[in-house]
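# Output the structure for:
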Amino acid sequence: MTNISQKTDGVDILHDTEINAILNKIQNGTDTDVRISGRYATLGTFESGWGVKKPATYVIYRDTSTYYAEDGRTGDVSFSGTDAQVVIQAAVNAIQTAPGFTTKSGLLYFKAGNYSLSSAILIDGSASTTIQNITITGDDKLISRFTPTVNLPAFRIKTITQGTTFRNVCFAISAGLDTSYTHSMIECEDNCEWVEVSNCYFNRGNAIRGQDGTGWLVSGNNFEATHTGIGMTAATGFSSALVRIVGNHWSNQKSGSVAINFTDNNSRQNLYVLIADNVFAGTAGATAISASMIRSIIHGNEINFWGTAIEEKGTADRNYIFGNHLHSNTVSVTKIGTNTQVRNNFGYATESGGDSSISHGTTVSHGLATTPSRIVLISQSASPRITSIKSKSASTFTVGLWNTAGSALTGSGTTRAFWYAEV
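From the prediction side, this is the model:
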């Protein structure tokens, strides 16, 4: 067998003479078994992003009850054992410093299989380890699966770690651990920055928790029967900012739970958050989006059959909530921010208008979700009329109509008027 694991000249390109030598062996029958080691040689063991392929630092897989971490360049087994956490942690710790950088970075590729974790895998960006820009990826988001077997995270990221990425993997806990699981399967602390979680599947428990996260991207994931899908906290001295939660799907969320939950500590705030184009398939008694944040956007989400669709809380203000589809929720929107704008949401009317026949004291149903903040009433009569809004409520407003002499015009259908109302 011809085993090509590394070019003798150290260059990752086969020269013509090397290619010809291999072909000659195959043609003359002296060697029909050619193995090219390294992750470019095996389908699926490289990460493709922006059209660029890079080899895995380690390829991790399971064979019956034994776990292996194979060097992504040479194909040699670097670590093995019956404890998945020990093997994976060893691979993480062995990642080397990238050329020209002072921090360690790499890619761990997980073959299809169930990786049972009895303790958390630590990705630590502190000065002693300086692990940054690590990617965790797998064959598929349903078959490359991490399963915490105790009340601990699957992955714990800490100490200003930057650039951690999770793609195409699954996180699931057993049904028996579900109600007692107080951690999150991906748990980030101490101002973790530029974290990406994309095309992953989360089943039961709490999925993702971040503290003081900056520049996060959470996109294209499925959350099934989770308690908290995504939880972000602004802690003392820092804020969670520039977070994008886009294109995810929730279903069968636990009653009384929150799919997306942003909290603050009243001294620091979450800000510049985008929550857009997500689908929330209904769970009575649960909350889809609970947001203590400022200067943020909630847009284009499909939220159906929830207890509460969107709520502001804490110090929330100056947010823009628009273009969402809200259907058959117990509470559609709870707004507390004085400067927050809520506009053009299907199922939560904030603008309405009409052409009505009115007289003094006529009550008009405006059809808005709550009491309007402003109402414009314009008489269409050929004769001069004075109009006013005598009172307004969550469902109606009452008009006043006078002639220029100051006499109330009480006759039925005295005049027609155009009206416009908004919350």
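
# CA atoms for contacts and neighbours, from now on please.
OK.

# show me where pLDDT drops low in this protein?
Filtered on pLDDT under 70, the chain yields the residue ranges 1-54, 125-131, 159-161, 235-239, 265-268, 412-413.

# Can you show me the helices along it?
Using DSSP state H, the helices found in the chain span residues 16-27, 84-94, 175-178.

# Give the other helices and strands that the second one contacts.
For helix 84-94, the helices and strands in contact under the criterion 3 or more CA pairs under 8 Å, 6 or more residues apart in numbering; DSSP states H and E are strand 66-71, strand 77-81, strand 113-117, strand 121-124.

# need those strands in TSV with mean neighbour count and distance to Ser391, can you?
Shown next, in TSV, are these (neighbours: other CA atoms under 10 Å; distance: least, CA to CA, whole Å):
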stretch	mean neighbour count	distance to Ser391
strand 66-71	22	72
strand 77-81	17	75
strand 113-117	20	63
strand 121-124	20	60
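
# wouldn't Ser379 be in contact with Phe418 here?
Yes. With contact defined as CA atoms under 8 Å, Ser379 reaches Phe418; the gap is 6.5 Å.

# Which one's more surrounded, the two?
Neighbour count, other CA atoms under 10 Å: between Ser379 and Phe418, Ser379 has more, with 20 against 15.

# gap between that one and Tyr181?
62 Å (CA to CA, to the nearest Å).

# Likewise for Lys158?
20 Å.

# gap between stretch 109-118 and the chain center?
Distance of stretch 109-118 from the chain centroid (CA atoms, centre = their mean, to the nearest Å) equals 23 Å.

# do stretch 228-235 as well
On the basis of CA atoms, centre = their mean, stretch 228-235 sits 11 Å off its chain's mean C-alpha point.

# Tell me who's in contact with Trp194.
Gln162, Gly163, Thr164, Gly213, Thr214, Gly215, Trp216, Leu217 (CA atoms under 8 Å, 6 or more residues apart in numbering).

# Near the third one, how many other residues are there?
Thr164 has 24 neighbouring residues, counting by other CA under 10 Å.

# Would you confirm that it contacts Thr135?
Yes. Here Thr164 reaches Thr135: they are 5.9 Å apart, a contact under CA under 8 Å.

# I figured Thr179 was touching Gly205, is that so?
Yes. Contact criterion CA under 8 Å: Thr179 and Gly205 qualify, at 7.4 Å.

# Could you check which of these two is surrounded by more residues?
Ranked by neighbour count (other CA under 10 Å), Thr179 and Gly205 place Gly205 first, with 29 against 11.

# Now for the more buried one: which residues touch it?
Neighbouring residues of Gly205 by CA under 8 Å, 6+ apart: Ala172, Ile173, Asp178, Thr179, Tyr181, Thr182, Ser184, Met185, Ala225, Thr226, His227, Thr228.

# Ramachandran angles for it?
Backbone torsions of Gly205, given as degrees, to the nearest 10, read phi 70, psi -160.

# Use 53 as the first number for this chain going forward.
Got it, first residue is 53 now, which makes that one Gly257.

# one step back: go through the helices and strands packed on helix 136-146 and name the closest to Val202.
For Val202, the closest of these is strand 165-169, at 7.8 Å, according to CA to CA.

# what angle separates that closest one from strand 118-123?
100 degrees (axes from the mean of the first three to the mean of the last three CA atoms, to 10 degrees).

# For strand 165-169, name the packing helices and strands.
Helices and strands touching strand 165-169, by 3+ CA pairs under 8 Å, 6+ apart, are strand 110-115, helix 136-146, strand 196-200.

# hmm, try it at 10 Å
On a contact count with 3 or more CA pairs under 10 Å, 6 or more residues apart in numbering; DSSP states H and E, strand 165-169 meets strand 110-115, helix 136-146, strand 196-200, strand 222-224.

# can you list those in CSV and add mean neighbour count and distance to Thr402?
Compiled in CSV, the helices and strands packed on strand 165-169 are given as follows (neighbours: other CA under 10 Å; distance: least, CA to CA, whole Å):
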stretch, mean neighbour count, distance to Thr402
strand 110-115, 23, 53
helix 136-146, 20, 52
strand 196-200, 23, 44
strand 222-224, 25, 40
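
# Nearest to Ala328, out of these?
Per CA to CA, nearest to Ala328 of those: strand 222-224, 22.7 Å.

# Give me the contacts around the closest one.
Applying CA atoms under 10 Å, 6 or more residues apart in numbering, the contact partners of strand 222-224 are 166-168, 189-190, 192-201, 206, 230, 237-238, 251-259, 273-276, 278.

# ok, now with 7 Å
Residues from elsewhere that reach strand 222-224 (CA atoms under 7 Å, 6 or more residues apart in numbering): 193-199, 237, 252-256.

# gap between Asp369 and Asp264?
19 Å.

# Looking at these two, which is more packed in?
Asp264 (25 against 22).

# Phi first, then psi, for the more buried one.
Per degrees, to the nearest 10, the backbone of Asp264 is at phi 60, psi 40.

# how far away is it from Glu241?
Using CA to CA, Asp264 is found at 7 Å from Glu241.

# ok, now Asn371?
26 Å.

# So for the two, which sits in the more crowded spot?
Under the neighbour definition other CA under 10 Å, Asn371 and Glu241 were set side by side, and Asn371 has more, 25 against 19.
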